[in-house]
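Colleague: got a sequence here, can you model it:
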Amino acid sequence: MNKHYYFSFFFIFIISSTATFAQVDYETQIQSIFTAKCNSCHGNGQNTFNSSSYEAVMASTSAATKYNKKHVIPGDADGSPLVDKIEANPQFGTRMPQGGSLPQSEINAIKQWISEGANAVPTNNESEYVIPESFKLLGNYPNPFNPSTHIQFDVPVAAQYTISIYTMHGQLIAEQVGNVAVGRAQIPINLAGNPTGIYLYKVSALTNSGTQIIGTGRMTLVK
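Modeller: Here you go, the predicted model:
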């Protein structure tokens, strides 16, 4: 099997599964975690993090001697200090909450909320937006970009998406997974650690019916 054929085969490989996903609601699914597990120590903003409300959470910034950035970075769960602190072996200090850890289901909910944009309310309102008839990739904007862009696609049913990014030679350099509700998804992508060049991306969706490729595209990073 030659390299070009192998890459083409890999690019269209589909894995079937059965699961549904819905967009996270901050008040009922996220603030409730903070209220029950964090407010006893962080309800008044102790140690730079204030978990008392959505506005307080989004305004919280880690001390300059530590992460030196906002605790929550919308669209970037893995880069958010909040996620680092609630997962095992944080970069700074001890795992939170003190004296224990959150269930994995709650950690996943927080990560999903951040990946979806860390909104106060779900962003896709079906009463204001016509439900798409099918999955459709709409491209990325801006393009060219430096270093961030948004990949946009329509979603007719709630789904888990996977965005895979490759070099022009077919090397996988990044993969981002998240969940979207019905409507139009706009997913932030950051390639700050990569050189100027043209990159390929593939967007796929996991729904009740299995996994399907939404589309493929190319984008140009210019530094």
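Colleague: need the helix or strand of this structure with the lowest average pLDDT.
Modeller: Every helix and strand in the chain was compared by mean pLDDT, DSSP states H and E; the lowest is helix 3-11, with a mean of 44.
Colleague: what does the helix or strand just after it rub up against?
Modeller: Later in the chain than helix 3-11, the nearest helix or strand by DSSP states H and E is helix 31-37. Helix 31-37 is contacted from outside by His42, Ser51, Ser52, Ser53, Tyr54, Val57, Pro97, Leu102, Glu106, Ala109, Ile110, using Cβ atoms under 8 Å, 6 or more residues apart in numbering. Backbone N, C-alpha and C define where each C-beta goes, glycine included.
Colleague: any low-confidence regions in this structure?
Modeller: Applying pLDDT under 70 to the chain flags residues 1-22, 45-47, 63-65, 122-130.
Colleague: can you give me the strands for it?
Modeller: Taking DSSP state E as the test, the strands found in the chain are 136-141, 148-155, 159-167, 172-180, 183-190, 197-207, 210-221.
Colleague: thought Tyr141 was touching Gln152?
Modeller: Yes. Assessed by Cβ atoms under 8 Å, Tyr141 is found in contact with Gln152 at 6.8 Å.
Colleague: quick one: which of the two has more around it?
Modeller: Gln152 (16 against 12; other Cβ atoms under 10 Å).
Colleague: ok, Leu82 - contacts?
Modeller: Leu82 makes contacts with Phe49, Val57, His71, Val72, Ile110, Ile114, as judged by Cβ under 8 Å, 6+ apart.
Colleague: now for those: which two are most distant?
Modeller: Distance extremes for the contacts of Leu82: the farthest pair is Phe49 and Ile114 at 14.3 Å, using Cβ to Cβ.
Colleague: of those two, who's got more company?
Modeller: Neighbour totals were compared for Phe49 and Ile114, and Ile114 leads with 24 against 21 (other Cβ under 10 Å).
Colleague: who touches Thr28 in this structure?
Modeller: Thr28 neighbours (Cβ under 8 Å, 6+ apart): none.
Colleague: shouldn't Tyr166 be in contact with Tyr201?
Modeller: Yes. Here Tyr166 reaches Tyr201: they are 7.2 Å apart, a contact under Cβ under 8 Å.
Colleague: now do the same contact list for the residue positioned nearest the centre of the chain.
Modeller: Note on the chain: the residue nearest the mean C-alpha position is Ser115, at 2.6 Å, using Cα atoms, centre = their mean. Neighbouring residues of Ser115 by Cβ under 8 Å, 6+ apart: Gly75, Asp76, Ala77, Gln176, Gly178, Asn179.
Colleague: of those, buried ones?
Modeller: Gly75, Asp76, Ala77, Gln176, Gly178, Asn179 (16 or more other Cβ atoms under 10 Å).
Colleague: quick check: the farthest pair among those residues?
Modeller: Farthest pair in these (Cβ to Cβ) is Asp76 and Asn179. Separation: 15.1 Å.
Colleague: can you pull up the bridge partners for the residue lying closest to His150 once chain neighbours are set aside?
Modeller: Distances taken as Cβ to Cβ, 6 or more residues apart in numbering place Gln186 nearest to His150, at 4.8 Å, with adjacent residues excluded. Taking DSSP bridges as the rule, Gln186 bridges to Gln152.
Colleague: and Gln186, what does it touch?
Modeller: Contacts of Gln186 (Cβ under 8 Å, 6+ apart): His150, Ile151, Gln152.
Colleague: do I have it right that the second one meets Tyr201?
Modeller: Yes. Under the criterion of Cβ under 8 Å, Ile151 lies in contact with Tyr201, with a separation of 6.6 Å.
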